[in-house]
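Peer 1: starting from these lines, generate the structure:
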Amino acid sequence: MKKLVLMLGLPFLFLACNDDDADVVLPPQFELNDQFNGDKRGWTAGFSDHPVKMDTDWKLEEGIANLPAPLDTQKKGFRISGNNHSDDLFMYFKKKMAGLKPNTEYTAAFALEFASDAPSEGWAGVGGAPNAVSVGIGVVPVEPKSTVDNLDHYRMNIDKIQQKNDGKDMKVIGDIGNGTDKVGYKLLTKTGEFKGKTDANGNLWLIFGTDSGFEATTTLYYTSVKVKLTEGAAVK
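Peer 2: So this is what the prediction gives:
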């Protein structure tokens, strides 16, 4: 009789488990996979933490270009370059994402691939070593912009990374060291996650870039950026 009661109870236990599973809503995802082998894919490059009207002296340059040797020179990347006279040059990329849920928090998982020639060790530098350039990611509900302050310097309107330090709107995920003790371009991958909230219209901005403590020229070639946006899981 005890066995019969136990067996009769099993279907109800199974059905209860199924009901619980049905209540779990999987988080919606959006994936971005932008390859810079020909165009900018909607990303805009910019610079900050430098004086106005000094773009030429600081050699601020950006655009699609062939990769340098010894990499495959038939392939292209999104090149960005600047001579960091201030010991604080910020070089960044931004892109607007639309059509998301309004006023909703998303986690953005970034994977950046880029080429750097900065040695990871064994080199002294001006202000800092060649690899004293931090890589950061962020997600914000407003467009990141570089605006002029009262000292005639460009400053960001968001709380970005500050060399090795995180900001409220960005965080550090590594540096540009090429993993060797020699100067030479190597392809690197940096990954990390950051949470941000959309605006009232369901828009948010992705941003990634570098903040430099190396008082000389840094030139990077970004070959791809992948971002997976995941909305927080909801339970009914």
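Peer 1: what's the closest non-adjacent residue to residue 182?
Peer 2: Nearest residue to residue 182, sequence neighbours excluded (CB to CB, 6 or more residues apart in numbering): residue 119, at 5.9 Å. Quick note: C-beta positions are derived from backbone N, CA and C, even for glycine.
Peer 1: burial count for the one you found?
Peer 2: When neighbours are counted by other CB atoms under 10 Å, residue 119 registers 20.
Peer 1: show me the contact partners of stretch 163-176.
Peer 2: The contact list for stretch 163-176 (CB atoms under 8 Å, 6 or more residues apart in numbering) reads 88, 110, 112, 114, 116, 118, 131-140, 144, 158-161, 188, 190-192, 194, 196, 207, 210-213, 218, 220.
Peer 1: can you check stretch 54-61 too?
Peer 2: With CB under 8 Å, 6+ apart, stretch 54-61 has contacts from 47, 50, 79-85, 89, 217.
Peer 1: if we go to 7 Å?
Peer 2: The contact list for stretch 54-61, computed with CB atoms under 7 Å, 6 or more residues apart in numbering, reads 47, 50, 81-83, 85, 217.
Peer 1: biggest strand in the protein by residues?
Peer 2: When the chain is scanned for its longest strand (criterion: DSSP state E), the result is strand 217-231.
Peer 1: partners of that strand, with directions?
Peer 2: Strand 217-231 has the following strand partners under DSSP bridges: strand 29-35 (antiparallel), strand 76-83 (antiparallel), strand 105-116 (antiparallel).
Peer 1: buried stuff in it?
Peer 2: 218-231 (16 or more other CB atoms under 10 Å).
Peer 1: just flag the most distant two among these.
Peer 2: Largest separation among the buried residues of strand 217-231 by CB to CB: 219 and 231, giving 37.0 Å.
Peer 1: closest one to residue 150 among the strands paired with strand 217-231?
Peer 2: Across these, closest to residue 150 is strand 76-83 (CB to CB), at 23.0 Å.
Peer 1: let me see the mean pLDDT of that closest one.
Peer 2: Mean per-residue pLDDT for strand 76-83: 97.
Peer 1: now the element after that strand, going C-ward?
Peer 2: Counting by DSSP states H and E, the next helix or strand C-terminal to strand 76-83 is strand 90-97.
Peer 1: pull out the buried residues from that next one.
Peer 2: When burial is assessed from 16+ other CB under 10 Å, strand 90-97 yields the following buried residues: 90-95, 97.
Peer 1: output those as CSV; include the columns distance to residue 60 and pLDDT.
Peer 2: Below are these laid out as CSV (distance: CB to CB, whole Å; pLDDT from 0 to 100):
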residue, distance to residue 60, pLDDT
90, 11, 96
91, 8, 97
92, 12, 98
93, 14, 98
94, 16, 98
95, 20, 97
97, 26, 95
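Peer 1: all set now, cheers.
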